[in-house]
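In: Kindly generate the corresponding structure for this input.
(2 chains)
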Amino acid sequence: MADRLLSCSEALAEALAEEMERDDTVFIIGEDLRAHDGIFGQFKGLPDKYPERVIDTPISETCIVGAGLGAALTGMRPLVDLHFADFFTTAMDEIANQTAKIRYMFGGQAKIPLVIWAPDGGGLSAAAHHSQSLEAWFVHTPGLKVVVPSEPADVKGLIKTAIRDDDPVVFFQHKKLFAQKGPVPEGEYLIPLGKGDTKRKGRDITVITYSRMVYSCLEAAERLAEEGIEAEVIDLRTLKPFDFEIIAESVKKTYHALVVHEACLTGGFGAEIAARIGEELFDDLDAPVKRIGAKDVPIPFSPVLENFVLPQVGDIVKGAKHVLNRA
Amino acid sequence: MISITIPKLGLTMESAKLLRWNVASGEEVREGDPILVIETDKVTYEVPSPASGMIHPVAPEGKECEVEEVVGYIAMNREEYDRLAARYPAATPEEEPASAAPAHGAAPQSSPPPRGFRVKASPLARAMAEEHGLDLQRVQGTGPGGRIVRADILRALEGKAKEAARRIEGLNEPTDREMSESIPIRGVRKIIFDNMHRSLSQSAQLTLHTEAGAEALVALRERLSGDGRKVSFNAIFVKIAAMALRIHPKVNASVEEGSITVWKQIHIGLAMEANDALIVPVVRRPDAKTIGEIDREIAALILKLRENRLSPDDLANGTFTITNLGFSDIDHFTPIIRPPESAILGVGRIVKKPVVRADSVIPEQRVALSLTFDHRIIDGAPGARFLKTIKDMIEDPLLLIR
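Out: This is a model prediction of the structure:
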């Protein structure tokens, strides 16, 4: 089947339409869904096609996630739209203490086929309350799966898998990527959770990243190539479970690793990757693993300051050269 | 604080050369750890640590030390170590004239940094160096802070490959011979050097060769090897030589100040190889011991040899020597007498050979024998009779109880 160019928004809407068609227990619940087809237009056409299955709620994330969890427990497959990932904070007990633990606490008697869909990330001058990258919190919560796609095809393939998964999945989509276009396969297209994707081949250094930083890293790789440095860019796509095999295979070839994410550096998922590489690939390392992440401050409103805080392409180029000891 | 002293290894020992320290100052050692290697004029010996603690060597490598001389200390704790280190300067190796002289025509090698210096290298570089047998001390690091990285290892390996290529090229050049190594003649090597030369220059040596059927010998060994452990052929040869010496006492003799001294006791040395040197531990009075006892004694001597624990007393006062080259498929050879002894028996391999019995050719285990003796004091005929006695005993070990 031919691939068309779709945006990440369109890829999501198409995948959801297919899943709602396929399984009538799938429904969407959240704020402002019917009036705007979702605030990023990400559910375009769905409220008209399935008026009963796209449900608007009052402004209470506690309530929305709780309702989604209850529905999942009774056999539905809800997708909760969190509006902004920043609002996770008000639903944290429902997610971390209930959603993540119920299956375990009841000895596996209950399934939680719940997807919590959350737009995250900065770069839009949306200030500290609407710009965060919080994936590390959920990776650090046993019982949850965490997805962080970058390109439209991955959005489609991964959201379909997430909806069909019987465990709760936290599905992040970067706000700056909604308009990002890319070829997307038509019809049934599934990507398993826990499989990374090599977005660019290279022999000199392995750059491990996900979400929006995939594009920054690809741009950095172009610039590095001009200086004769071939970077291999790996998009993890899923953080839990995560694909260490693809990293190991690459590092055994390049002997150098750089981890890049938009989330702040300290306690970020990059630390986990660096530690695993150190533990399992020690003898393959020719230099210490380097991490690049945002500075450890709230994301500023000022565009100038925001650019200063978030990792930029130039930082990645510099970081790669530092690992390779090239001035 | 415990002192480390040079042990007295034998009655005649007065001094030893401190060859090397196995440990660096400040290292933790346990009682019994081999910390130091010394060399007397007869043996090299690993000195065990007298206690557990932090070591502080003070005598330099290369120094000639007297017996009981204090060469280092063991501190019980860090404070004591710090006090010791402040009071006694750490050892630095004495100049070694032989290796300090640059070899003529040899490529200059960069001198390695002092021992105990930790080389900075990436894990990958370390793994690669290990795989290729490369000494990281000799690799120049170009990474951050001089760290050795993969590129440095690749460069070093390339250098090695070029060197190998140059070597092949060099083989085809009609240049003069060049020295690859200069090995000083000293220590144990000096002893062997002098003894062998003295042996051939000061006596009249003659070697007789014969061969013995070894079927009975092999069967005897099987009979004696009941409890799982195989008795060594050498133990049997030592016993046979001892019993043959009883029958031919004049072979058990030395020339001493113009007269022939015939020895009352029989002590048989067994030539062994260790650390590139010939060494001959002695089995005392094997004529009065069983083959099993001799075998256990030889095993104990071999163990001491391997652990560098042989004392000069283990090597002294032999009256006859056996040297066995069977392990290298040697049959006959011309052993050299160890002065002041007067005879030495060379034993070859035990192997099946065709022999003629009752006009037909049959396969039989055989062993080659080479007896060298000093013709100044042992004539050809008695020498030959002694060898014949040994041959007879090998072929019919019952004769041992004659």
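In: Pull the number of nearby residues for the nearest residue to B:V119 once chain neighbours are set aside.
Out: Leaving aside its chain neighbours, B:V119 sits nearest to B:L136 (4.5 Å; criterion: CB to CB, 6 or more residues apart in numbering or on different chains). (C-beta placed from N, C-alpha, C; glycine too.) A count of nearby residues for B:L136, using other CB atoms under 10 Å in any protein chain shown, gives 20.
In: Contacts only, for B:L136.
Out: Residues in contact with B:L136 (CB atoms under 8 Å, 6 or more residues apart in numbering or on different chains) are B:119, B:121, B:125-126, B:129, B:148.
In: 10 Å - rerun?
Out: Counting by CB atoms under 10 Å, 6 or more residues apart in numbering or on different chains, B:L136 touches B:112, B:118-121, B:125-126, B:128-130, B:148, B:152-153, B:156.
In: what does B:I394 give?
Out: B:211-217, B:220, B:236-237, B:240, B:244, B:347, B:350, B:366-367, B:369, B:400.
In: Remind me which helix or strand A:G270 belongs to.
Out: Taking DSSP states H and E as the definition, A:G270 sits inside helix A:269-280.
In: Need the residues that contact that helix.
Out: So helix A:269-280 is contacted by A:133, A:135-136, A:139-140, A:146, A:148, A:206, A:208-210, A:234, A:236, A:239-240, A:242, A:244, A:247-248, A:251, A:257-261, A:263, A:265, A:268, A:284-285, A:288-293, B:123 (CB under 10 Å, 6+ apart).
In: ok, now with 8 Å
Out: The contact list for helix A:269-280 (CB under 8 Å, 6+ apart) reads A:135-136, A:139, A:208, A:239, A:242, A:244, A:247-248, A:251, A:257, A:259-261, A:263, A:285, A:289-293.
In: Adding secondary structure and pLDDT, write the contacts of B:L136 out as CSV.
Out: Listed next are the contacts of B:L136 as CSV, based on DSSP: H, G, I helix; E, B strand; the rest coil; pLDDT from 0 to 100:
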residue, secondary structure, pLDDT
B:P112, coil, 46
B:R118, coil, 72
B:V119, coil, 82
B:K120, coil, 87
B:A121, strand, 92
B:A125, helix, 94
B:R126, helix, 92
B:M128, helix, 92
B:A129, helix, 92
B:E130, helix, 90
B:I148, strand, 93
B:D152, helix, 93
B:I153, helix, 93
B:A156, helix, 91
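In: out of the contacts of helix A:269-280, who's near chain B?
Out: Contacts with chain B within those, counted by CB under 8 Å from any CB of the partner chain: A:L285.
In: for the stretch 51-200 of chain B, what are the low-confidence residue spans?
Out: For the stretch 51-200 of chain B, residues meeting the criterion pLDDT under 70 lie at B:91-117, B:173-176.
In: Residues of it that sit close to chain A?
Out: Residues of the stretch 51-200 of chain B lying near chain A (CB under 8 Å from any CB): B:122-127, B:142-144, B:149-150.
In: try 10 Å this time
Out: Residues of the stretch 51-200 of chain B found near chain A (CB under 10 Å from any CB of the partner chain) are B:121-128, B:130-131, B:142-144, B:147-153.
In: among these, which ones are buried?
Out: Buried members of those, counted by 16 or more other CB atoms under 10 Å in any protein chain shown: B:121-128, B:143, B:147-150, B:152-153.
In: related to what we said a few turns ago, just the contacts of B:L136 now: which is nearest B:H197?
Out: Nearest to B:H197, judged by CB to CB, of those is B:P112 at 36.1 Å.
In: Helices of chain B, residue ranges please.
Out: Ranges of helices in chain B, per DSSP state H, are B:78-87, B:97-100, B:123-132, B:150-171, B:188-202, B:215-224, B:233-247, B:291-306, B:312-315, B:380-395.
In: So for A:S9, which of these sits nearest?
Out: Nearest to A:S9, of those and by CB to CB, is helix B:123-132 at 43.8 Å.
In: List the contacts of that closest one.
Out: Contacts for helix B:123-132 (CB under 10 Å, 6+ apart): A:251-252, A:255-256, A:278, A:281-288, B:119, B:121-122, B:134-139, B:141, B:143, B:147-154, B:156-157, B:160.
In: how far away is the residue nearest to the spatial centre of chain A from chain B?
Out: By CA atoms, centre = their mean, chain A has its centre lying nearest to A:V148, at 1.3 Å. Distance check for A:V148 against chain B: by CB to the nearest CB, to the nearest Å, it reads 29 Å.
In: before we move on, what about A:Q180?
Out: To chain B, A:Q180 is 37 Å away according to CB to the nearest CB.
In: Alright, that wraps it up for me.
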